[in-house]
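Asker: please find the sequence and the predicted model below.
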Amino acid sequence: MQRRGGILGAFSAVFKPKTDFIPLPYVKNLHTLAQCTQCEGVCATSCPEQIIIKDKESVPYLNFMIAGCTFCEECARVCQKLWGEDAPLERKDSDTIAARVSIDPLSCLAWQKTTCVSCKDACGENAIIFSASLYPEIDSQKCNACGLCYARCPSFSINIKSVLVG
């Protein structure tokens, strides 16, 4: 797993505006997330990528600033161990996050005719398509919103918005 390095990695959260709420990959629905405010955050401490943020008395969310989700299911496993059948997280057959990913052409280096394929190199789903070696776009049919491209983009041009509904 490639992570942002040096000063960019250490301080990128300070310079980048706060991202939208991105739900964990195994969330059942919005209603079950109320339980998360009563939890110590075992999902966050169990995440090997350290991308789950859980403040005291808050709902956990994903922060892709340094890495993306590898769908290891560890967050769902510890949640189910704690809550049983009533767990807000459950393992699923498909690895997806309820979010939509897009690329901002105004800040993307490739859209500005500078050679950059950082997002494409990070995407294990081949969901980023380049036209004429420039102009990357997200194939929403292939994208699982894992955030790996977000963590690798040097110009913070990847946008991820939650699409989780009740």
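Answerer: Perfect, I can see it now.
Asker: what number of residues lie near residue 135?
Answerer: 14 (other Cβ atoms under 10 Å). Yep, even glycine has a C-beta here, placed from its N, CA and C like the rest.
Asker: hmm, it is touching residue 111, no?
Answerer: Yes: using Cβ atoms under 8 Å, residue 135 is in contact with residue 111, at 5.9 Å.
Asker: find the residues that touch each one of the two.
Answerer: residue 105 (Cβ atoms under 8 Å, 6 or more residues apart in numbering).
Asker: what's the helix or strand hosting residue 83 packed up against?
Answerer: Here residue 83, judged by DSSP states H and E, is contained in helix 74-83. Counting contacts by 3 or more Cβ pairs under 8 Å, 6 or more residues apart in numbering; DSSP states H and E, helix 74-83 packs against helix 42-46.
Asker: can you list the buried residues in the helix it packs on?
Answerer: By 16 or more other Cβ atoms under 10 Å, the buried positions in helix 42-46 come out as 42, 43, 44, 46.
Asker: name the helices or strands packed onto the next helix or strand after that helix?
Answerer: Note on helix 42-46: by DSSP H and E, the next helix or strand toward the C-terminus is strand 52-53. In terms of contacts (3+ Cβ pairs under 8 Å, 6+ apart), strand 52-53 is packed against helix 42-46, strand 61-62.
Asker: so what are the sheet partners of strand 52-53 and their directions?
Answerer: strand 61-62 (antiparallel) (DSSP bridges).
Asker: what's the nearest residue to residue 35 if we skip its chain neighbours?
Answerer: Distance criterion Cβ to Cβ, 6 or more residues apart in numbering; nearest residue to residue 35, sequence neighbours excluded, is residue 88 at 4.9 Å.
Asker: residue 36 is in contact with that neighbour, correct?
Answerer: Yes: counting by Cβ under 8 Å, residue 88 touches residue 36, with 5.8 Å between them.
Asker: which of the two has more neighbours?
Answerer: residue 88 (25 against 21).
Asker: got a list of what the more buried one touches?
Answerer: Neighbouring residues of residue 88 by Cβ under 8 Å, 6+ apart: 27, 28, 32, 33, 35, 36, 79.
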